[in-house]
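K.L.:
My questions are about this predicted structure, shown below with the sequence.
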Amino acid sequence: MLRHAVLEDVPDVYAVFQTYPHIFPHMRFDRTQRFVAAGQCIWQDGVVITYQTYQKTVRLGDYVAPRGSISLHQIVKSAAAVVGAAARIFTIFLHEYVPTRLVLSVRADNTSAWQFYERHGLQRVGTVCWQQQGHPLPGYVYEWIQAVDNPLF
């Protein structure tokens with residue numbers, strides 16, 4: 001079982017996002033606090049995962065995520081996290097917290113992130129395009145489906 005962050009952890013969790021301002025410019029202190037308060041933030045071994053369950057069908061670019069899908073918002077590790085910690089925590093997250101389907105979107109220029117997802121069995125299923133300061137910011141949509149007969153590890 002992974003450890004969820006508590007309100008006392010918010011400054012430490014937020015500090016991890018601040019080390020990557022070019023990737024997470026949208027992660028403000030209050031947004032981090034809301035994820036933690038909602039029980040949607042894992043904080044273990046220097047790794048942060050924020051997520052939520054979609055309550056309705058959601059369109060992500062040209063992909064439609066069904067109701068009940070788990071949406072991965074961010075995964076990030078602190079500089080103090082040991083090598084391999086993010087992969088280990090993410091694998092546990094997939095098998096313990098994703099009952100059926102995980103979906104996420106990632107910037108196309110974040111090569112290390114989408115390569116990480118592909119190494120962990122996620123499939124690219126669509127594209128999305130955001131706007132940043134009036135300029136297009138292309139991205140990819142990924143999906144992972146829990147196999148019914150898949151042993152946990």
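P.N.:
Noted; the coordinates are in hand. Keep in mind that what you see is a predicted model, and the values were worked out from it rather than measured.
K.L.:
Now the phi/psi pair for residue 21, please.
P.N.:
Its backbone dihedrals place residue 21 at phi -70, psi -30, with angles given as degrees, to the nearest 10.
K.L.:
for whichever helix or strand residue 71 is part of, what is the average pLDDT?
P.N.:
Per DSSP states H and E: residue 71 is located in strand 70-77. Model confidence over strand 70-77 averages 97 on the pLDDT scale.
K.L.:
now stretch 35-49
P.N.:
Here stretch 35-49 scores 98 as its mean pLDDT.
K.L.:
Now tell me what touches it from outside.
P.N.:
With CB atoms under 8 Å, 6 or more residues apart in numbering as the contact definition, stretch 35-49 has outside contacts at 2-7, 9-10, 12-13, 16-17, 32, 50-52, 72-78, 80-82, 85-86, 88-90, 93, 97. C-beta: built from backbone N, CA, C; applies to glycine.
K.L.:
do stretch 4-15 as well
P.N.:
Outside of stretch 4-15, the residues within contact range by CB under 8 Å, 6+ apart are 27, 29, 32-33, 35-37, 39, 41-43, 48, 78.
K.L.:
start to end distance for that stretch?
P.N.:
Its first and final residues considered, stretch 4-15 spans 16 Å by CA to CA, to the nearest Å.
K.L.:
Work out the gap between it and the centre of the chain.
P.N.:
Here stretch 4-15 shows a centroid-to-chain-centroid distance of 16 Å under the convention CA atoms, centre = their mean, to the nearest Å.
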